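Undergrad: sequence and predicted model, in that order:
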There are 2 protein chains.
Amino acid sequence: METIVLDDVLERIREALERGDLQTAAAIIENYRPADQADLFSELDEEHQVALLSEIAPEDSADILEELDDEQVADLVAELSDEEVARIMEEMEPDEAADLLGDVSPERAEALLSRLEDPDEVRPLLLHPDETAGGLMTSEFLVLRRRMTAAEAIEAIRRWKPESETIYYLFVVDRFGRLVGVVNLRQLIVADPHALIQDIMDPDVIAVRAGTDQEEVARIMTRYDLLALPVVDANNILLGVITIDDIIDVIEEEATEDIQRYGGAEPLERSYLDTSVVTIWRKRVGWLLLLFITATLTGSVMLLFKQELESVALLSVFIPLLIGTGGNTGSQTTATIIRSLAVGDIEPRQALAVWWHEFRVAILLGLAMAAAGFIRAITWDAGIDLALVVSLSILALIIWATTVGALLPLLAERIGIDPAMVSGPLMSTLVDATGLLIYLSIARLILMTG
Amino acid sequence: METIVLDDVLERIREALERGDLQTAAAIIENYRPADQADLFSELDEEHQVALLSEIAPEDSADILEELDDEQVADLVAELSDEEVARIMEEMEPDEAADLLGDVSPERAEALLSRLEDPDEVRPLLLHPDETAGGLMTSEFLVLRRRMTAAEAIEAIRRWKPESETIYYLFVVDRFGRLVGVVNLRQLIVADPHALIQDIMDPDVIAVRAGTDQEEVARIMTRYDLLALPVVDANNILLGVITIDDIIDVIEEEATEDIQRYGGAEPLERSYLDTSVVTIWRKRVGWLLLLFITATLTGSVMLLFKQELESVALLSVFIPLLIGTGGNTGSQTTATIIRSLAVGDIEPRQALAVWWHEFRVAILLGLAMAAAGFIRAITWDAGIDLALVVSLSILALIIWATTVGALLPLLAERIGIDPAMVSGPLMSTLVDATGLLIYLSIARLILMTG
């Protein structure tokens, strides 16, 4: 329903733009919430977008740019004058403004900074990589002092007139700017107006360093149900605050990256249909080629067992079935382990416990699948010997696939690689070649010596 | 580092428990934050857990139970007396208490409810399924009236002394309890104390019905950066409020389910190492068997082309390589499409646009991989004809795999199945059999007629 309504609105905006009536088009967009504004906006042609950005109120333009993908923003900013960009940046949260500056040339960034009213609010944020706590934090926050009263703190908030969500947690610093406690707005309101902040505040405040990875930040905020997390430097001096809305985006982004990696492709940086065909190709072809080269091992294994394959014609009929089952079992295991690592359920040092868990699952799965394989072989007139080869191979393959599927992501995490790089396709390819070796070796042992 | 510290603490708790010193053990646990308390607690034996729950302060016990998995809570509650459970439930958020009651027998739930001081806070929440807005909401919230002043509203909050995060958004109702607006605490504080709520509030408030799926709730709160979302009935009467901390859990849970489904297994309900081997087996064996049966199609296809396979011995050597490449391409596509559907980037009605996007990617990928296949075939002394068969098959297979990989999840979403059910293993298995058919048909056409 929602989309139908937006479609109608889009129609009205386009009509206004075709008449050259920028004001009406801008007025329609300004009526909506930021996320909807951005949706409407990104459906328009780039020339219309550029024209509209100058017409829409700067605070709405800022909201729209905050919602768009980084690449789209960079494209638009390239078309606008410094003056117009600076006007919009004034209305952005400092962390979003810093993100924008990170996507333009250093010279242009300097030019834009010099036009801002308060460049020092944004400049320190430029030092931190995007995917760290420093890159996520905002420098727009209010600090309290220990000897203020609750009433004075509330008065300070009232004077500050904050726009943002950072207000719900207020951080307390000493005279050197070092973080010494946290108070939330709820506590301030409920407290006796004359109570001192140092008596209300929680001195045991969780903070992270500016260099902390965004995934770790997300884990801490989720674990302790925090709406805001302070960022400090090595001397515990408060540098900024990360709010929960930024973290939700991180959680979604990381899950998207994990599932795309796990599917065997490098993650896309913008939404699917906005990503060019060539970019998608580049994100996939590397892995495909690498896996292709690995997969040629399967051919080498088959050439190695040429004699067996030629003398027992039915042997090759079971190959796709067997390696498929091995690959599927490995994928199941890997998906579970990757996700358990991502949410912090297991750690690399628990490798032995994980393997023992998987090993017992594998025995149970192997027995069930071996039985199914035996029946299938018999009904294909394979003879008892071949049926035995097939079911023994399935059992061995499943134990092997779960072992590889469980230990590889743990090893990746241990050596500092994203465990989701151990994708389903990588698992299948590894298990294909080694599984074939297991199957044909068992066949040689049972069929050839008999 | 954090885990090392917790290990030491755990040692001290265990020592205290072995001496039978419950008080010291409880005191150590009470020192930590809820998430850490729950971690420490779940490392203990069940008998110690039961004994400790009666010793730990009820508000800490409530925090611990809120952090544990539903199944663990159900096990513990079964061991405790009604009196003890009720004492802990008094300290829980109403929505968490309702979740607990949902996991015990209806008779026990009734018995526990009757012991609560205010059963009517919990009872209405029992009506809603866990995975809906109604199941996520809390009934503990404060409502404002339009004719209150800002100062009166703050005074009401002060008297209410809320424990929870629900306080940051306050909802305004008319005399029938119908939702008419929202004010956030920041606006209340900044406002002139004499200003009327109706002049400060935003009348355009986003709300959901109690039956809305939790995934949709998460999408709305993420999209509009909301910290709280009101839940209403068909008459727009305010029933409860969903807070952002619950939604973060939903987002993580849904991503976990997606990646496990996509890996070809049913999602686990509790953390990996806490799930029994038999349960993990049950979550995997169904899909494995189903895929095994589907995969036997590959054997049937091979039997169909027995003659070709026997006359050109090298033909079978390429089979694992080719179907592997098809499966990998399909997995890449499916992962991207599933995730784009999950975050709302694409919709089923865009199937044609998606397919056209994938088709062009497939042509580029297919050309690159066909070239690689040609080279590999020549270096295996396959002859020009077979090399041609291999590279043509790769091109056709990749186009086919991306088509299936893109359209199947879209179809699933259209008919109301979770698109993540179109797993990597399902894709591989489907592409294995059909890919084999494509390869052997092309071989028959080129090699046999030659």
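TA: Arrived safely, thanks for sending.
Undergrad: dump the residue contacts of residue A:362.
TA: For residue A:362, the contact set (C-beta atoms under 8 Å, 6 or more residues apart in numbering or on different chains) comprises A:329, A:398-399, A:401-403. Using the backbone N, CA and C atoms, a C-beta is placed for each residue, glycine as well.
Undergrad: and the stretch 51-200 of chain A, which residues reach chain B?
TA: Within the stretch 51-200 of chain A, the residues that sit near chain B (C-beta under 8 Å from any C-beta of the partner chain) are A:154, A:157-158, A:161-162, A:165, A:167-168, A:185-186, A:189-190.
Undergrad: I'd like those as a markdown table, with secondary structure, distance to residue B:211 and pLDDT appended.
TA: A markdown table is the format used below for those (DSSP: H, G, I helix; E, B strand; the rest coil; distance: C-beta to C-beta, whole Å; pLDDT from 0 to 100):
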| residue | secondary structure | distance to residue B:211 | pLDDT |
| --- | --- | --- | --- |
| A:154 | helix | 40 | 88 |
| A:157 | helix | 38 | 86 |
| A:158 | helix | 41 | 84 |
| A:161 | coil | 39 | 71 |
| A:162 | coil | 36 | 67 |
| A:165 | helix | 29 | 61 |
| A:167 | helix | 34 | 74 |
| A:168 | helix | 30 | 81 |
| A:185 | helix | 33 | 86 |
| A:186 | helix | 31 | 84 |
| A:189 | helix | 34 | 86 |
| A:190 | helix | 35 | 86 |
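Undergrad: tell me the secondary structure for residue A:291?
TA: helix (DSSP: H, G, I helix; E, B strand; the rest coil).
Undergrad: just checking, it touches residue B:326?
TA: No - with contact defined as C-beta atoms under 8 Å, residue A:291 does not count as touching residue B:326 (11.5 Å).
Undergrad: which residue ranges of the stretch 1-150 of chain A form helices?
TA: A:2-18, A:22-30, A:34-42, A:46-55, A:58-67, A:70-79, A:82-89, A:94-102, A:106-115, A:119-122, A:133-136, A:150-160 (DSSP state H, counting those that start in this stretch).
Undergrad: out of the ones you listed, which one sits most buried?
TA: helix A:133-136 (a mean of 26; mean count of other C-beta atoms under 10 Å in any protein chain shown).
Undergrad: tell me what it is packed against?
TA: Judged by 3 or more C-beta pairs under 8 Å, 6 or more residues apart in numbering or on different chains; DSSP states H and E, helix A:133-136 is in contact with helix A:94-102, helix A:214-223, strand A:228-232, strand A:238-243, helix A:244-262.
Undergrad: residue B:82: which of these is closest?
TA: The closest of the helices and strands packed on helix A:133-136 to residue B:82 is helix A:214-223. By C-beta to C-beta, the value is 31.7 Å.
Undergrad: who touches stretch A:46-64?
TA: Contacts for stretch A:46-64 (C-beta under 8 Å, 6+ apart): A:17, A:22-23, A:25-26, A:29-30, A:34, A:37-38, A:41-42, A:44, A:75-76, A:79-80, A:84, A:87-92, A:96.
Undergrad: low-confidence bits of chain A, can you list those?
TA: Across chain A, the ranges flagged by pLDDT under 70 are A:1-5, A:162-166, A:449-450.
Undergrad: show me what contacts residue A:170?
TA: Per C-beta under 8 Å, 6+ apart, neighbours of residue A:170: A:142-144, A:153, A:157, A:182-185, A:188.
Undergrad: report the buried members of these.
TA: Buried by 16 or more other C-beta atoms under 10 Å in any protein chain shown: A:144, A:153, A:157, A:182-185, A:188, out of the contacts of residue A:170.
Undergrad: and the host helix or strand of residue A:426 with helix B:244-262, angle?
TA: Element membership for residue A:426 (DSSP states H and E) is helix A:424-443. For helix A:424-443 against helix B:244-262, the angle by axes from the mean of the first three to the mean of the last three C-alpha atoms, to 10 degrees is 40 degrees.
Undergrad: is chain B within reach of helix A:424-443?
TA: Yes - interface with chain B: helix A:424-443 contributes A:424-425, A:428-429, A:432-433, A:436 (C-beta under 8 Å from any C-beta).
Undergrad: just give me the closest of those to residue A:444.
TA: residue A:436 (12.3 Å).
Undergrad: count of residues packed around the closest one?
TA: By other C-beta atoms under 10 Å in any protein chain shown, the residues close to residue A:436 number 25.
Undergrad: and the closest residue to it other than its chain neighbours, which of the three is it?
TA: Excluding its sequence neighbours, the residue lying closest to residue A:436 (C-beta to C-beta, 6 or more residues apart in numbering or on different chains) is residue A:301, at 4.6 Å. Recorded secondary structure, residue A:301: helix (three-state DSSP).
Undergrad: and residue A:301, how far is that from residue A:438?
TA: Noted for residue A:301: a distance of 10 Å to residue A:438, by C-beta to C-beta, to the nearest Å.
Undergrad: so what does the helix holding residue A:426 touch, helix or strand wise?
TA: Counting contacts by 3+ C-beta pairs under 8 Å, 6+ apart, helix A:424-443 packs against helix A:277-304, helix A:306-311, helix A:319-342, helix A:383-414, helix B:319-342, helix B:424-443.
Undergrad: does the fourth one come close to chain B?
TA: No - legend: contact between helix A:383-414 and chain B by C-beta under 8 Å from any C-beta is lacking; minimum distance shown is 8.5 Å.
Undergrad: residue A:103 and residue A:73: what is the separation?
TA: Residue A:103 is 6 Å from residue A:73, where distance means C-beta to C-beta.
Undergrad: do residue A:246 as well
TA: 16 Å.
Undergrad: what's the closest non-adjacent residue to the closest residue to chain B within the stretch 151-300 of chain A?
TA: As assessed by C-beta to the nearest C-beta, chain B sits closest to residue A:263 within the stretch 151-300 of chain A, at 2.2 Å. Nearest residue to residue A:263, sequence neighbours excluded (C-beta to C-beta, 6+ apart): residue B:335, at 2.2 Å.
Undergrad: just residue A:172 next, same as before
TA: Nearest non-adjacent residue to residue A:172 (C-beta to C-beta, 6+ apart): residue A:181, at 4.0 Å.
Undergrad: show me what contacts residue A:262?
TA: Applying C-beta under 8 Å, 6+ apart, the residues contacting residue A:262 are A:334-335, A:338, A:420, A:423-424, B:259, B:262-263, B:335, B:424.
Undergrad: nearest the geometric middle of chain A, what residue?
TA: Nearest to the geometric centre of chain A sits residue A:254, at 1.3 Å (C-alpha atoms, centre = their mean).
Undergrad: would you check that it makes contact with residue A:342?
TA: Yes - counting by C-beta under 8 Å, residue A:342 is a contact partner of residue A:254 at 7.3 Å.
Undergrad: overlap of the contact sets of these two?
TA: By C-beta under 8 Å, 6+ apart, no residue touches both residue A:254 and residue A:342.
Undergrad: could you export the contacts of residue A:170 as TSV, including distance to residue A:281?
TA: Output for these, formatted as TSV (distance: C-beta to C-beta, whole Å):
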residue	distance to residue A:281
A:142	49
A:143	50
A:144	53
A:153	56
A:157	52
A:182	48
A:183	53
A:184	49
A:185	50
A:188	55
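Undergrad: against residue B:181, how distant is the closest residue to chain B within the stretch 1-150 of chain A?
TA: Residue of the stretch 1-150 of chain A nearest chain B, by C-beta to the nearest C-beta: residue A:35 (4.5 Å). Distance, residue A:35 to residue B:181, by C-beta to C-beta: 20 Å.
Undergrad: list the buried residues in stretch A:296-310.
TA: Buried residues in stretch A:296-310, counting neighbours by 16+ other C-beta under 10 Å, are found at A:296-299, A:301-302, A:305, A:308-309.
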